[in-house]
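In: here is the input, now give the coordinates:
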Amino acid sequence: MPYPAIRSNVSYLTVRGITAVSSLTMTTSTRREFLGQASAITMSGLVPYIFTSDAEARLAPRSPNDRLRLGAIGLRYQGSVITEKAQAFGDVVAICDVDGEIAEKARKQFGGQAAIYEDYRKLLDRQDLDVVLIGTPDHWHTAMTIAACRAGKDVYCEKPLTLTIDEGKLLTRVVKETGRVVQVGSWQRSDDRFRRAIEMVHAGRIGKLQKVSVAMGKNVQGGQFPVAPLLPHFNWDLWLGQCPAMPYIKERGHYTFRWWYESSGGEMTDTGAHHLDIAQWAIGAARSGPVEIDGQATFPKKMPDGYNVATNYQAIYRYANGVELHVADEGRNGILFEGDEGRIFVNRGLLAGKAVDDLATNPLPREKFSLYANDNLNRPPRAGKLDAIINHMGNFHDCLVSRKTPISDVETQHRSVSTCHLGTISMRLGRKLKWNPETELFVNDDEANTWLKREQRKGFEIV
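Out: Numbering: from 1, shown residues only. Next up, the predicted model:
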């Protein structure tokens, strides 16, 4: 199908198979066959998911012929972070960003040899790419991941995975149909603190789980912002994609896109995609969801050129097993698990509670409760975010070889961001909602079900 007449400057990251073949024109099917063979050879001795520096050195490719071919989409910040981590396993050969200045800067940062593309679909036409890393704003995640999977590429995509619940339904089907490996950038799943918290909950160290409380930050407020002249190096039409046609305002783009419902969901889908994912994993609903949602929020006075996410918000979710999940924009950022015998608090810098202290004399039995083979989660947690991202990228790399499901797979991440969307829908409708996680529909509520999707701008429909 011919491409519509649009300009594009989006960014891609692709990874080439762990093969000792040097030809750059090797077909996707041949690389896939090699990866399957590599899986059979290496599965008896896979590198542990949690890397020490020695383990990282063992996993790193040992010659240029072993390295993956990488293509990156969206490189202003988080895209450049994940591209840097992926360089341990491959070479960046293709870059795409709708901001030409960012694309040029990224090319220099990642070796100076990558081809630059304006339209991500043209990058996906390359037959020599193995993996695409996507670091664009939220409203492009689903379309690009689907296109990459259908083009035979494996994908690392940033969170939140989708803009709507129906996008997630479609995406999970496509990933299953194509058999591609897709890792979502919810790296808290690769952080020792969060994983140990989940293990302790599942092991009954706080008794029967009754309540989970998630505290997140306030949404940024502001406006009215001035309409600005279009920049010659920034393709605003392609940046908008499926969003409604809107005049260019600097605050709509780059980092601040998250404070507009047209392109994101504020803190509910930003930090929420991380924290609600961990919460649902602990609750035992990582592949399902709540059955009732009661969201409340206040919204700024309507103005066409100002941030439009909630000024304050809260939501209570109820699950079929009786657990309640409380979300609010106040309190210490993190997750509090409460059982009938104790509590555990966890965030990116802390894991605390009596159950945590008791691990020194009563460690968790690895053979029963370890979330990952070959992990030793009794050791002290790592220092911070970049270590977790390294682990997360390493898990993705392992799954490229084994063709196994990565730790932040599409199904669980669709479910976690769906829970974020459910809270937002309840807030915006101003009433309590019933949800069926099996059918992924609101119960006897035609009005609420119209919110499962959005109208997409002509020429940017996701199908």
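In: tally of neighbours for the residue lying closest to residue 283 once chain neighbours are set aside?
Out: The shortest distance from residue 283 to any non-neighbouring residue, by Cβ to Cβ, 6 or more residues apart in numbering, is to residue 323 (5.0 Å). For every residue, glycine as well, the C-beta is placed using N, CA and C. Using other Cβ atoms under 10 Å, the number of residues around residue 323 comes to 23.
In: quick check: pLDDT value at residue 323.
Out: Looking at residue 323, its pLDDT stands at 98.
In: from residue 363, how far off is it?
Out: According to Cβ to Cβ, to the nearest Å, residue 323 stands 26 Å off from residue 363.
In: again, but for residue 99
Out: Using Cβ to Cβ, residue 99 is found at 49 Å from residue 363.
In: the more surrounded of those two?
Out: Per other Cβ under 10 Å, whichever of residue 99 and residue 363 has more neighbours is residue 99, with 23 against 12.
In: any idea how far the more buried one is from residue 255?
Out: Residue 99 is 12 Å from residue 255, by Cβ to Cβ.
In: which residue is the nearest non-sequential neighbour of residue 252?
Out: Spatial nearest neighbour of residue 252, chain neighbours left out: residue 260 (6.0 Å); criterion: Cβ to Cβ, 6+ apart.
In: correct me, but the one you found touches residue 305?
Out: No. Contact between residue 260 and residue 305 fails when scored by Cβ atoms under 8 Å: they sit 10.4 Å apart.
In: so for those two, which sits in the more crowded spot?
Out: Per other Cβ under 10 Å, whichever of residue 260 and residue 305 has more neighbours is residue 260, with 22 against 15.
In: and the more buried one, how far is that from residue 118?
Out: Going from residue 260 to residue 118 by Cβ to Cβ gives 24 Å.
In: follow-up on the earlier one: the residue nearest to residue 283: what's it in contact with?
Out: Contact analysis of residue 323 by Cβ atoms under 8 Å, 6 or more residues apart in numbering lists 209-212, 283.
In: ditto for residue 265
Out: Residue 265 touches 138, 160, 163, 258, 272, 309, 420-421, 424, counting by Cβ under 8 Å, 6+ apart.
In: before we move on, what SS does residue 69 have?
Out: strand (DSSP: H, G, I helix; E, B strand; the rest coil).
In: could I get the phi/psi values of residue 327?
Out: Dihedral pair for residue 327: phi -120, psi 130, per degrees, to the nearest 10.
In: re the thing from before, for the residue nearest to residue 252, give me the pLDDT.
Out: Confidence at residue 260, expressed as pLDDT, is 97.
In: domain boundaries for this structure, per the record?
Out: 28-189, 191-380+411-452 (automatic domain parsing).
In: out of the ones you listed, which is closest to residue 399?
Out: Nearest of the domains of the chain to residue 399, taken as Cβ to Cβ: domain 28-189 at 5.0 Å.
In: state the mean pLDDT of the closest one.
Out: 82.
In: one step back: reformat the contacts of residue 265 as JSON lines; add secondary structure.
Out: Shown next, in JSON lines, are the contacts of residue 265 (three-state DSSP):
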{"residue": "138", "secondary structure": "helix"}
{"residue": "160", "secondary structure": "coil"}
{"residue": "163", "secondary structure": "coil"}
{"residue": "258", "secondary structure": "helix"}
{"residue": "272", "secondary structure": "helix"}
{"residue": "309", "secondary structure": "coil"}
{"residue": "420", "secondary structure": "helix"}
{"residue": "421", "secondary structure": "helix"}
{"residue": "424", "secondary structure": "helix"}
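In: adding distance to residue 191, write the residues you listed out as JSON lines.
Out: Compiled in JSON lines, the contacts of residue 265 are given as follows (distance: Cβ to Cβ, whole Å):
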{"residue": "138", "distance to residue 191": "22"}
{"residue": "160", "distance to residue 191": "18"}
{"residue": "163", "distance to residue 191": "26"}
{"residue": "258", "distance to residue 191": "22"}
{"residue": "272", "distance to residue 191": "17"}
{"residue": "309", "distance to residue 191": "26"}
{"residue": "420", "distance to residue 191": "19"}
{"residue": "421", "distance to residue 191": "24"}
{"residue": "424", "distance to residue 191": "25"}
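In: ok, back up a step: now, among the contacts of residue 323, which is nearest to residue 70?
Out: For those, the nearest to residue 70 is residue 283 (35.8 Å; Cβ to Cβ).
In: gap between that closest one and residue 185?
Out: 22 Å.
In: higher neighbour count, these two?
Out: Neighbour comparison, residue 283 and residue 185: the larger count goes to residue 185, with 29 against 25 (by other Cβ under 10 Å).
In: so that one sits against residue 393, correct?
Out: No. The pair residue 185 / residue 393 is not scored as a contact, 9.2 Å apart, by Cβ under 8 Å.
In: the strands in the stretch 51-200 of the chain, which residues?
Out: 68-73, 90-96, 115-117, 131-134, 154-157, 182-184 (DSSP state E, counting those that start in this stretch).
In: try the stretch 251-400 of the chain
Out: Counting by DSSP E, counting those that start in this stretch, one finds strands in the stretch 251-400 of the chain at the ranges 292-298, 312-318, 324-328, 334-339, 342-347, 350-352.
In: check the ones you listed for me and report the most buried one.
Out: Highest mean neighbour count among these (mean count of other Cβ atoms under 10 Å): strand 334-339, with a mean of 22.
In: return the distance of it from the chain's centre.
Out: 22 Å (Cα atoms, centre = their mean, to the nearest Å).
In: tell me what that strand is packed against?
Out: Applying 3 or more Cβ pairs under 8 Å, 6 or more residues apart in numbering; DSSP states H and E, we find strand 334-339 packed against helix 192-202, strand 209-215, helix 271-283, strand 342-347.
In: re earlier: hmm, which of the contacts of residue 323 are the buried ones?
Out: 209, 212, 283 (16 or more other Cβ atoms under 10 Å).
In: give me the common contacts of residue 99 and residue 255.
Out: residue 76.
In: do you have the helices of the stretch 51-200 of the chain handy? List them.
Out: In the stretch 51-200 of the chain, the segments counted as helices under DSSP state H, counting those that start in this stretch are 53-59, 78-86, 100-109, 120-124, 141-150, 165-178, 192-202.
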